Structures are given as C-alpha cells and as structure tokens.
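Colleague: Turn this into a structure:
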Amino acid sequence: MAYARNQSGASPTFLLTGIPGWECRSAWLSIPFCFLYAVALLGNSAVVLVVVKDQSLHKPMYLFLSMLAASELGVSLSTLPTVLNVFLFYSREIQMGACFAQMFFIHCFSIMDSGVLWAMALDRFVAIYNPLQYGAILTGSRITKIGLGIAAKSVVLLLPLPVLLSRLPFCKSTVLAHPYCLHPNLIRLPCADTRVNSLYGLFVLICTFGLDSLFIIVSYTMIIKTVLSIASKEGRLKALNTCVSHICAVVVYYTPMIGLSMVYRFGKHASPVWHSLMANVFLLVPPVLNPIIYSIKTKEIFKAFGRLFFPKKF
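Modeller: Take a look at the predicted model:
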C-alpha cells in the first residue's frame with residue numbers, strides 16, 4: 001500500500017511499531033507508558049511552575065533547571081500523541097509530513113536537553129571557582145542569551161534533516177521500529193543513496209552531543225581541580241555536594257543516549273526489541289527521573305514545592 005502511494009507521487013504513509021514482536025501486549029504496555037508520561041509531564045510542569053512562581057528560585061542554577069524541565073516537556077509532548085495512538089488506540093499510520101515534523105521536534109528538544117546540561121555544568125563551575133562573582137557573571141540577561149542560543153542552535157542544525165529526507169524516494173518497507181519517528185530509523189527506509197543524510201546526521205551528533213559532553217567533561221575537570229585546592233575537607237564536600245543533582249542528570253541522560261547510538265551504529269543485527277527499548281529508555285527515563293532527582297537532592301526545590309502545593313505546612 002505504502003509502495004503504491006509513493007510510486008503514484010503521493011506522500012507515503014509510515015507504520016509505527018510499539019515494541020516489535022510485542023504487538024499483542026499493546027493494551028498492557030499502555031499502562032506503564034501512560035504512568036511514565038503522567039509522571040514526566042506533571043513533574044517537569046511542576047518544576048517550571050515553582051521556579052517561575054517562587055522569587056527565591058530566580059537564581060542561575062534554578063533558571064537553568066527550569067530550561068531543562070521545559071525541554072524535557074517538549075520531548076515528552078512530541079512523542080506522546082503517537083505513543084498513545086499505537087499502544088492505546090492501536091492506530092499505527094502516520095503521514096510523511098507529520099512523521100518528519102515529529103522527528104524534528106523530538107531531536108530538537110533532545111539537543112536542547114544536552115545544551116542545557118552543558119550550561120548547568122558551566123553554572124556549577126562558576127559557582128565553585130568564583131562564588132563571590134557568581135551573580136555578576138551569570139546575570140539574568142546572560143542566562144537568557146545562553147538559553148536562546150541553545151534553542152537557536154538546535155533549530156538551525158535540525159532544519160536540514162526533514163528537508164534532506166523529503167527529497168528521497170521511500171519505496172522500501174515503510175514500517176518504523178518505534179511508536180514515533182526518529183532520524184536513524186527513517187534513513188534506513190529510502191531506496192536511494194542516503195550517505196548525505198547519514199553524514200549530516202553524524203555532523204549534528206558531533207556538534208551537539210559530542211561537543212556538549214566534551215564541555216561537560218572539561219567543566220568537571222576544572223571543578224575537581226578547584227575543589228582539591230580548597231583547604232578544608234568540609235569545604236570540599238560542600239562544594240561537591242552542589243554538583244550531585246547535575247551529575248545524576250548527566251548520567252541519566254547520556255547513558256541511554258550512548259547506548260542508543262551504539263545500538264544504531266554497531267548493532268544492526270541486534271533484535272529490533274533492543275532498538276525499541278533503548279529508544280524508549282532514552283526519551284522517557286530522563287524526563288521522568290530528573291524532576292525526582294532535583295526535588296530530592298535540592299532542598300530549595302523541595303521547599304518550593306511545599307510552599308506552592310502545601311502552603312499551610314510550609
């Protein structure tokens with residue numbers, strides 16, 4: 001059917017897959033997926049809300065945290081419609097235009113996540129290296145510029161992806177291995193040379209995740225060097241303790257992302273189930289865990305939640 005539509009000049013219809021081989025369990029799988037999405041949407045919305053509402057949180061660290069929560073909301077909202085359609089309503093078809101748009105937003109917000117994590121590493125370095133000038137260096141206007149720069153970089157780098165894909169003929173299988181559209185999955189389907197798409201995808205990967213992770217490593221190398229220069233053990237532990245939440249967020253984000261990249265690059269013969277599970281872990285776990293990590297490990301966020309939702313007790 002999809003082949004015939006493409007040959008006649010019409011846009012092909014892609015078929016989304018929940019988890020390959022587990023189609024008969026879609027009704028049961030919808031329960032944990034709906035729960036995880038509810039936690040992600042509520043948790044990140046609450047973080048953005050408390051940072052906006054609570055004046056005591058209008059500081060660089062928490063403003064960056066609200067950016068991270070907003071980008072993770074974007075990731076969750078980008079995948080939610082088709083995930084619910086596949087698992088809950090058993091609707092697998094998606095038009096090419098809608099698929100490319102979803103791919104753009106998923107990858108765009110994921111790249112923003114990575115950029116914000118680097119900005120948060122920079123924030124921790126400034127706070128530890130030069131605490132007396134912390135507020136003067138990371139002013140509100142600079143934080144706004146950093147946030148806009150991260151968003152602009154993501155949009156500019158991702159815009160060519162759907163354009164490059166739209167020029168290719170899709171006359172092979174149009175079945176996608178996930179309940180949403182991802183670029184590594186889509187470039188396997190055209191019946192034409194996709195080297196330009198693959199090379200540009202690799203370029204985007206290096207310019208975003210690659211550079212961001214490098215900057216995070218450099219930032220923490222300098223943080224450790226600064227911490228070791230602190231005379232007292234108590235002072236060193238106090239300084240490192242301010243980084244724990246961010247380190248957890250970095251681990252939660254980059255571990256499944258690296259795993260997913262490795263599966264796509266080197267696991268071509270791996271079971272499709274692994275591809276789908278890794279993609280779901282990468283896109284679902286960080287938005288679910290990060291609000292929990294920051295609310296538990298950061299006293300100010302925990303107290304702000306209390307003041308907002310339980311004002312009589314706080």
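Colleague: isn't residue 294 right up against residue 65?
Modeller: Yes. Using CB atoms under 8 Å, residue 294 is in contact with residue 65, at 6.1 Å. Yep, even glycine has a C-beta here, placed from its N, CA and C like the rest.
Colleague: more neighbours, these two?
Modeller: residue 65 (27 against 23; other CB atoms under 10 Å).
Colleague: For whichever strand or helix holds the more buried one, name the packing helices and strands.
Modeller: Here residue 65 sits within helix 60-87, counting by DSSP states H and E. Helix 60-87 sits against helix 26-53, helix 96-129, helix 140-158, helix 272-297, helix 299-309, with contacts defined as 3 or more CB pairs under 8 Å, 6 or more residues apart in numbering; DSSP states H and E.
Colleague: Include distance to residue 181 when you put those helices into JSON lines, please.
Modeller: JSON lines is the format used below for these (distance: least, CB to CB, whole Å):
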{"stretch": "helix 26-53", "distance to residue 181": "17"}
{"stretch": "helix 96-129", "distance to residue 181": "4"}
{"stretch": "helix 140-158", "distance to residue 181": "13"}
{"stretch": "helix 272-297", "distance to residue 181": "11"}
{"stretch": "helix 299-309", "distance to residue 181": "34"}
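Colleague: Just say which of those helices is most tucked in.
Modeller: helix 96-129 (a mean of 22; mean count of other CB atoms under 10 Å).
Colleague: orientation of that helix relative to helix 140-158 in degrees?
Modeller: Per axes from the mean of the first three to the mean of the last three CA atoms, to 10 degrees, the angle that helix 96-129 makes with helix 140-158 is 140 degrees.
Colleague: for helix 96-129, what is the average pLDDT?
Modeller: Average pLDDT, helix 96-129: 94.
Colleague: Toward the C-terminus, what is the element adjacent to it?
Modeller: helix 134-137.
Colleague: List the contacts of that next one.
Modeller: 59-60, 126-127, 130 (CB atoms under 8 Å, 6 or more residues apart in numbering).
Colleague: Let's see that with 6 Å instead.
Modeller: 126-127 (CB atoms under 6 Å, 6 or more residues apart in numbering).
Colleague: What mean pLDDT does stretch 20-33 get?
Modeller: Mean predicted lDDT for stretch 20-33 stands at 77.
Colleague: can you give me the offset of that stretch from its chain's centre?
Modeller: Centroid separation between stretch 20-33 and its chain, computed with CA atoms, centre = their mean, to the nearest Å, is 23 Å.
Colleague: Need the residues that contact it.
Modeller: Contacts for stretch 20-33 (CB under 6 Å, 6+ apart): 18, 83, 87-88, 272-273, 276.
Colleague: What's the end-to-end length of it?
Modeller: 16 Å (CA to CA, to the nearest Å).
Colleague: Not counting sequence-adjacent ones, nearest residue to the residue nearest to the spatial centre of the chain?
Modeller: Centrality entry for the chain: nearest residue to the mean C-alpha point is residue 110, 3.3 Å, by CA atoms, centre = their mean. By the measure of CB to CB, 6 or more residues apart in numbering, the closest residue to residue 110 outside its immediate chain neighbours is residue 75, 5.9 Å from it.
Colleague: Pretty sure residue 109 is one of the things the one you found touches, is it not?
Modeller: Yes. If you go by CB atoms under 6 Å, residue 75 and residue 109 touch, sitting 4.4 Å apart.
Colleague: if we can go back for a sec, distance from the chain centre to the helix holding residue 65, please.
Modeller: With CA atoms, centre = their mean, you get 7 Å for helix 60-87.
Colleague: tell me the secondary structure for residue 169?
Modeller: Secondary structure, DSSP: H, G, I helix; E, B strand; the rest coil: residue 169 is coil.
Colleague: swap that for residue 14, please
Modeller: strand.
Colleague: That one bridge partners, please.
Modeller: With DSSP bridges as the criterion, residue 14 is bridged to residue 94.
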